[in-house]
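Peer 1: predicted model and sequence below, questions to follow.
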Amino acid sequence: MLSVNKLSIDYGSNRVVSELDLSLTESEILMLVGPTGCGKSTILQALAGLIPISEGEVNIGKWRATPKLHVLPEKRRVGMVFQDFALFPHLNVQQNICFRLKDTKLADHWISLLGLDDFRNKKPATLSGGQKQRVALARTLAHQPDFILLDEPLSNLDAALKDTLRWDIRHALKEAAVPAIWVTHDQEEALSVGDRVGVLKAGKIQQIDTPEHCFSMPSNRFVARFLGEASFIAGDYQQATVSTSIGNAPALAINCQHGKVDVLLRPDDVMLLQDENLSNGVVTWVRFEGGSRLCAVELTCKTLVTSRVSHEIVVRPGDAVHVYINTTHPLAVYHRA
Ligand SMILES: Nc1ncnc2c1ncn2[C@@H]1O[C@H](COP(=O)(O)OP(=O)(O)OP(=O)(O)O)[C@@H](O)[C@H]1O
């Protein structure tokens, strides 16, 4: 169990992380996301003991750190995985993983689990980015850390590799059964591999929750927009239902009472019909996504909503279309902006 209470971190007079609270159970993976400069790496460095904390505490059971009680990085039993792999270039895979390791049996386990058996004698320079990251993770896990911090481990890899490796990393972390905090810039990665997602803005946590809840019931508009395509439409919220100009839906109030609200619409909540006679909007832009197309439609009332349609449906900017809400799950509604 890793618990962080009211943690604040300053660089000089500049507070970059404020009153961070989080706790992770054994084997839980928390994905930390937020715009550039919001304090993600600073949090990891403070948890690792590489920079001092200004307020609050970090507690892992075996040790507790506060501003007055600094615990040295080497005493924290923390494993770190970085985007640049941080391998020793002059050592081969086996030697990198076993560096300063007393019991090398564990290394064999992680070498096999991470598919590195055939690379034991290779030097890092001869490995692909994905293989290097597997070595870095095997090395970290072989040292049996009490918690693991991953700072954008996939950001230097190409898209196809990222997809496989993210699941392999998750599998290995679950097998190791230690809490992990994984910083990423990739919303899709955050939503798909994490047990929970923490969204940061300017050093403050906006929401920590399951990926499903963060996506469908964001605590505010920033979280809504940060985690995916989001549009907002005016509605009237009464008795767990919201009515809008493009249809009604079950709804859940996030920060408002009954009456006038703004409704969060994800592209999948909005259906699009290519029927000029029923038209209630005009397509302003279309993004081809491979298996689908994301279409933005300006409604007669000037609100812009997005709808995702199959790639088989060819929609073009300027098309007059009909859009309507089609969902059985509750939509999040907010105080009218
Ligand atoms: N050593 C430092 N001294 C002073 N300010 C710093 C230092 N390191 C980072 N900062 C500032 O602290 C804030 C948080 O930086 P941090 O690197 O933690 O953000 P981040 O969310 O990890 O960003 P990115 O996504 O770009 O990696 C930024 O405003 C940054 O400029």
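Peer 2: On my side now, so go ahead. Residues are numbered from 1 along each chain as shown.

Peer 1: could you give the number of residues near the nearest residue to residue 124 once chain neighbours are set aside?
Peer 2: Computed as C-beta to C-beta, 6 or more residues apart in numbering, the closest residue to residue 124 that is not its neighbour in sequence is residue 87, at 4.3 Å. From N, CA and C alone the C-beta is placed, and that goes for glycine too. Residue 87: 21 surrounding residues under other C-beta atoms under 10 Å.

Peer 1: which residues touch residue 87?
Peer 2: Listed by C-beta atoms under 8 Å, 6 or more residues apart in numbering, the contact set of residue 87 reads 96, 124, 132, 135, 136, 139.

Peer 1: what is the nearest of those residues to the ligand?
Peer 2: Taking C-beta to the nearest ligand atom as the measure, the ligand lies nearest residue 136 of the contacts of residue 87, at 18.2 Å.

Peer 1: element containing the closest one?
Peer 2: helix 129-142 (DSSP states H and E).

Peer 1: any chance you could map the helices in the chain?
Peer 2: 40-47, 93-98, 105-113, 129-142, 159-176, 187-193, 211-216, 221-226 (DSSP state H).

Peer 1: which residues touch residue 183?
Peer 2: Residue 183 makes contacts with 31, 32, 33, 40, 41, 44, 149, 150, 151, 152, as judged by C-beta under 8 Å, 6+ apart.

Peer 1: try 10 Å
Peer 2: 30-34, 40-41, 43-44, 83, 149-153, 155, 190, 198, 200 (C-beta atoms under 10 Å, 6 or more residues apart in numbering).

Peer 1: can you go through those and name the buried ones?
Peer 2: By neighbour count, with 16 or more other C-beta atoms under 10 Å, these hold 30-34, 40-41, 43-44, 83, 149-153, 190, 198, 200 as buried.

Peer 1: intersect these with the contacts of the ligand.
Peer 2: Subset of these in contact with the ligand: 34, 40, 41, counting by C-beta under 6 Å from any ligand atom.

Peer 1: all strands for the stretch 151-300 of the chain, in order.
Peer 2: Taking DSSP state E, counting those that start in this stretch, the strands of the stretch 151-300 of the chain run over residues 180-183, 196-201, 204-209, 231-238, 241-244, 247-253, 259-265, 270-273, 281-288, 292-299.

Peer 1: was I right about residue 109 contacting residue 101?
Peer 2: No - look at residue 109 against residue 101 with C-beta atoms under 10 Å: they stay out of range, at 11.9 Å.

Peer 1: burial count for the residue of the stretch 201-337 of the chain at minimum distance from the ligand?
Peer 2: The stretch 201-337 of the chain approaches the ligand most closely through residue 203 (7.1 Å), counting by C-beta to the nearest ligand atom. Residue 203 has 22 neighbouring residues, counting by other C-beta under 10 Å.

Peer 1: kindly report the same for residue 35.
Peer 2: Each residue near residue 35 was counted by other C-beta under 10 Å, and the total is 13.

Peer 1: residues contacting it?
Peer 2: Listed by C-beta under 10 Å, 6+ apart, the contact set of residue 35 reads 185, 199, 200, 201, 202, 222, 226.

Peer 1: please indicate which of those residues are buried?
Peer 2: Judged by 16+ other C-beta under 10 Å, buried ones among the contacts of residue 35: 199, 200, 201, 222, 226.

Peer 1: count the residues that sit near the nearest residue to residue 271 once chain neighbours are set aside.
Peer 2: Leaving out its chain neighbours, the residue that sits closest to residue 271 by C-beta to C-beta, 6+ apart is residue 326, at 4.4 Å. By other C-beta under 10 Å, the residues close to residue 326 number 14.

Peer 1: wait, residue 326 sits on residue 269?
Peer 2: Yes - using C-beta under 10 Å, residue 326 is in contact with residue 269, at 7.1 Å.

Peer 1: spell out which residues are contacts of both of the two.
Peer 2: Here residue 326 and residue 269 share the contacting residues 246, 247, 249, 307, scored by C-beta under 10 Å, 6+ apart.

Peer 1: look at the most far-flung residue of the chain relative to its centre and report its pLDDT.
Peer 2: Relative to the centre of the chain, and counting by C-alpha atoms, centre = their mean, the farthest-placed residue is residue 277 at 41.9 Å. pLDDT recorded at residue 277 is 90.

Peer 1: got the buried ones among the contacts of residue 35 as CSV, with pLDDT columns?
Peer 2: Compiled in CSV, those are given as follows (pLDDT from 0 to 100):
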residue, pLDDT
199, 97
200, 97
201, 96
222, 96
226, 95
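
Peer 1: about what we covered before: which of the shared contacts of residue 326 and residue 269 sit farthest apart?
Peer 2: Across those, the longest distance by C-beta to C-beta is 14.4 Å; it joins 249 and 307.

Peer 1: these two: which is more packed in?
Peer 2: Neighbour count, other C-beta under 10 Å: between residue 249 and residue 307, residue 307 has more, with 27 against 21.

Peer 1: wait, that one sits on residue 315?
Peer 2: Yes - using C-beta under 10 Å, residue 307 is in contact with residue 315, at 8.8 Å.
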